[in-house]
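Engineer: here is my input; please provide its structure:
(chains A, B and C)
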Amino acid sequence: MAAQPKPVQLRLPVPLKRTFFERNPQRVARELLGKVLVRQSRGLLLAARIVEVEAYLGVKDPAAHAAVGRTPRNSVLFGPPGYAYVYFIYGNHYCLNVSCEREGKAGCVLFRALEPLIGLEEMAQARGVVVHGPGDLPRLTSGPGRLSDAFGITRSRDNGCDLTSPDSALWIGHDGFRSSAILVTPRIGITKAAKEPLRYVLAGNAFVSGRKTLPRFAQPRSARTKN
DNA sequence: ATATCGATTATCT
DNA sequence: GATAATCGATATG
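Structural biologist: Next comes the predicted model:
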């Protein structure tokens, strides 16, 4: 009996409209879960599902870069919605955000983790890691610095990029995915406004960042008896 | 001109 | 759980 070909259920992502981003960051963050981030450049194609984001509320939010007012670094945040704000942090890492709210108002959403869909090998190469099994996959795109690394995102290449245009080297699309349960928690890695529930994750997704899913150090304290 | 500080990650215990 | 690494942006003198 010939095997039935498995029906292809890959829907090509359709770019999100600018009006999607022209709303408050909480709303955009929540609805961004399950959408697809696409990288297209020089024959490279990468795609990954958005599974963890954080909302930053603009000038009134002490944890937001916009809190200091408009500067050369954060000016994208004060521009129109749907554009990439990329910043460099801790001397090592880039982080990707998308601007929200109408022009002149500075909300944004930070991308914290993705689930790889297309181009896993290229992501591993960009990250400089070897994937031995499924357990290694989160190392590709779990964490804001890692996902930027996997996608080759830098400030010089991508800051100010229009994320609503499929002609951009980086854009966001919708492929019909319906997200199920969404978890809301405090944001990670900040000291100001550290308790506000503004982090949104797809519940139970293996690619969400944080110690819960990637501890890797449950070693018993062996023979540390003397010194 | 110089000091401070991160929306992080890897690595060690 | 703790800490070093690393550098651009920003604030201050």
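Engineer: what segments of chain A are strands?
Structural biologist: Along chain A, counting by DSSP state E, strands occupy A:14-15, A:36-41, A:44-56, A:84-89, A:93-99, A:108-118, A:170-174, A:182-186, A:197-202.
Engineer: CSV for those, including mean neighbour count, mean pLDDT and distance to DNA strand C?
Structural biologist: Where you see a C-beta, it was placed from the backbone N, CA and C, and this is true even at glycine. What follows is the strands of chain A, written out as CSV (neighbours: other C-beta atoms under 10 Å; pLDDT from 0 to 100; distance: least, C-beta to the nearest atom of the strand, whole Å):
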stretch, mean neighbour count, mean pLDDT, distance to DNA strand C
strand A:14-15, 16, 98, 28
strand A:36-41, 21, 97, 22
strand A:44-56, 23, 98, 15
strand A:84-89, 20, 98, 5
strand A:93-99, 24, 98, 8
strand A:108-118, 24, 98, 14
strand A:170-174, 21, 98, 19
strand A:182-186, 14, 96, 17
strand A:197-202, 21, 98, 19
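Engineer: dump these into TSV; add distance to DNA strand B as well.
Structural biologist: As requested, the strands of chain A are exported to TSV (distance: least, C-beta to the nearest atom of the strand, whole Å):
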stretch	distance to DNA strand B
strand A:14-15	22
strand A:36-41	15
strand A:44-56	4
strand A:84-89	5
strand A:93-99	5
strand A:108-118	3
strand A:170-174	16
strand A:182-186	11
strand A:197-202	10
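Engineer: identify the residues contacting the closest residue to DNA strand B within chain A.
Structural biologist: Chain A approaches DNA strand B most closely through A:G189 (1.8 Å), counting by C-beta to the nearest atom of the strand. Contacts of A:G189 were listed using C-beta atoms under 8 Å, 6 or more residues apart in numbering, and none were found.
Engineer: low-confidence stretches in chain A?
Structural biologist: A:1-3, A:8-9, A:211-227 (pLDDT under 70).
Engineer: now do the helices in it.
Structural biologist: With DSSP state H as the criterion, chain A has helices at A:18-21, A:25-32, A:120-127, A:138-141, A:144-150, A:155-158.
Engineer: now A:P62. Its backbone dihedrals?
Structural biologist: phi -60, psi -20 (degrees, to the nearest 10).
Engineer: and it, how far is that from A:T191?
Structural biologist: 9 Å (C-beta to C-beta, to the nearest Å).
Engineer: count of neighbours near A:P62?
Structural biologist: 13 (other C-beta atoms under 10 Å).
Engineer: what sits closest to it if chain neighbours are left out?
Structural biologist: Of all residues not flanking A:P62 in the chain, A:K192 sits nearest, at 3.8 Å (C-beta to C-beta, 6 or more residues apart in numbering).
Engineer: quick check: phi and psi at that neighbour.
Structural biologist: phi -90, psi 140.
Engineer: for DNA strand C, see how far away it is.
Structural biologist: 14 Å (C-beta to the nearest atom of the strand, to the nearest Å).
Engineer: for burial, what's the neighbour tally of that residue?
Structural biologist: Using other C-beta under 10 Å, A:K192 has 11 other residues around it.
Engineer: does it really touch A:H65, like I thought?
Structural biologist: No - A:K192 is beyond contact range of A:H65, at 11.5 Å (criterion: C-beta atoms under 8 Å).
Engineer: what does stretch A:111-122 rub up against?
Structural biologist: For stretch A:111-122, contacts defined as C-beta under 8 Å, 6+ apart pick out A:36-37, A:39, A:44-54, A:95-98, A:123, A:131, A:137, A:140-144, A:147, A:150, A:188, A:199, A:201, A:205-209.
Engineer: dig out what the most centrally placed residue in chain A forms beta bridges with.
Structural biologist: By C-alpha atoms, centre = their mean, chain A has its centre lying nearest to A:F111, at 2.4 Å. Beta-bridge pairing of A:F111 under DSSP bridges involves A:V53.
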